[in-house]
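**Student:** sequence and predicted structure below; questions after.
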Amino acid sequence: MSITSRNFGKTADGKQITLFRIENSKGMVAEVTNYGAILTSLFVPDDKGRAADVVLGFDGGDEYFDNPSFFGSTIGRNANRIANASFVLNGQTCKLEVNDGKNNLHSTFDGCFNKRLFKAKMLKSENAVQFTIVSPNGDQGFPGKLTATVTYKLTEENGIEIEYTAKSDKDTVYNPTNHTYFNLNGHASGSAMGHKLWLKASNYTPVVKGCIPTGEIAPVAGTPFDFTKKTVIGDRINDDFEQLKLGKGYDHNYAVDINGRELIKIAELTNDEETRTMEVYSDLPGVQFYAGNCISKQLGKGGAVYNKRCAVCLETQYFPNAINQPNFASPVLKAGEEFHSVTKYIFK
């Protein structure tokens, strides 16, 4: 196990960006940067011990200044969508950036956590790197001064563990996630639609135009959204089904079959040739399954060409627009209380 660091460029105002390389003894390597607390690379051995980088990203820190698809990003303060870019908390109306039709997506495109420099600390005894950010009162439209950490830990079970903590001095909304795109064939391998997916989710949240949930928690049974048995992602993605048309494919929140806040296995993703499998563990009520429908053609690491549906996301989080839906689990963080959540991606 080891952690090393190197220069990864500079911010627009001349501050150094650092890339941290975390290795375990099994041949797995994770690279993370203090710019945006972004996961930039993840080298994972297959069933024959051959390692490949299985996440989309870029070669230099400055290439993440744009990053329209949010590759590898830590999203905060709120992941996913909020209807009409506003919510009411304790009688106060909070206005957010209108950046996705009439709605808000991922808090803000230019000032989201993934566009900020975090304070970094290497935790060598834990084989982890901890990133800390202080978000002032009113930041992105959210109340309260918030201090948040994101810790990436590489385990000996070939897992990348992401731990989130936060405290605010006022009641606020806090719903972070990680927006990594996975292609278990290797990041430069083209379409990921041959991957097979299982989800521990008997229900999902249907949406209206703009991908805002209706408030209904609907059964997946009998629909193209049923992944309760392992299914090839591309088999039904183009079916004549209204919800698929609204999301341009899969871009929906699944209501995980959970009891309370226990850390449990919620998903399993296997590549086309069944040489790599990724298990996902979470303690949150939802997971956004996004099939990369809107990835625009662009150059990634090593000159790789990324395109529509070349990777998929499994983003653990509270439901989209939960702050405006009283029947959804609440994303409100009370003043002085600690937010704590863990997501694990374990590779077999």
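**Tutor:** Perfect, I can see it now.
**Student:** partners of the helix or strand containing residue 4, with directions?
**Tutor:** Per DSSP states H and E, residue 4 falls inside strand 2-10. Here strand 2-10 has these sheet partners by DSSP bridges: strand 16-23 (antiparallel).
**Student:** for the partner strand, buried residues please.
**Tutor:** Residues 17, 18, 19, 20, 21, 22, 23 are the ones in strand 16-23 that count as buried (16 or more other Cβ atoms under 10 Å). Quick note: C-beta positions are derived from backbone N, CA and C, even for glycine.
**Student:** can you list contacts of it?
**Tutor:** 1-11, 29-35, 40, 61-62, 117, 120, 122, 127-129, 152-154 (Cβ atoms under 8 Å, 6 or more residues apart in numbering).
**Student:** what mean pLDDT does it get?
**Tutor:** The average of the pLDDT scores along strand 16-23 is 98.
**Student:** run through the neighbouring helices and strands of the helix or strand following it.
**Tutor:** Going down the chain from strand 16-23, the next helix or strand is strand 29-33, by DSSP H and E. Strand 29-33 sits against strand 16-23, strand 38-45, strand 146-154, with contacts defined as 3 or more Cβ pairs under 8 Å, 6 or more residues apart in numbering; DSSP states H and E.
**Student:** mind listing residues that contact the second one?
**Tutor:** Which is strand 38-45. Residues beyond strand 38-45 that count as contacts (Cβ under 8 Å, 6+ apart) turn out to be 19, 26-33, 51-55, 57-58, 64, 71-74, 114, 152, 158, 160, 178, 180, 184, 276, 301, 347.
**Student:** buried ones only from these, please, as a PyMOL command.
**Tutor:** Of those, the buried ones go into a single PyMOL selection, burial set by 16+ other Cβ under 10 Å:
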select buried, resi 19+26+28+29+30+31+32+33+52+53+54+55+57+58+64+71+72+73+74+114+152+158+160+178+180+184+276+301+347
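**Student:** where along the stretch 101-250 of the chain do the helices fall?
**Tutor:** 242-247 (DSSP state H, counting those that start in this stretch).
**Student:** which one is residue 325 nearest to, not counting chain neighbours?
**Tutor:** residue 215 (5.2 Å; Cβ to Cβ, 6 or more residues apart in numbering).
**Student:** also residue 76?
**Tutor:** Closest residue in space to residue 76, ignoring its immediate chain neighbours: residue 113 at 3.9 Å, by Cβ to Cβ, 6+ apart.
**Student:** quick check: bridge partners of residue 252?
**Tutor:** The partner residues for residue 252, given DSSP bridges, come to residue 289.
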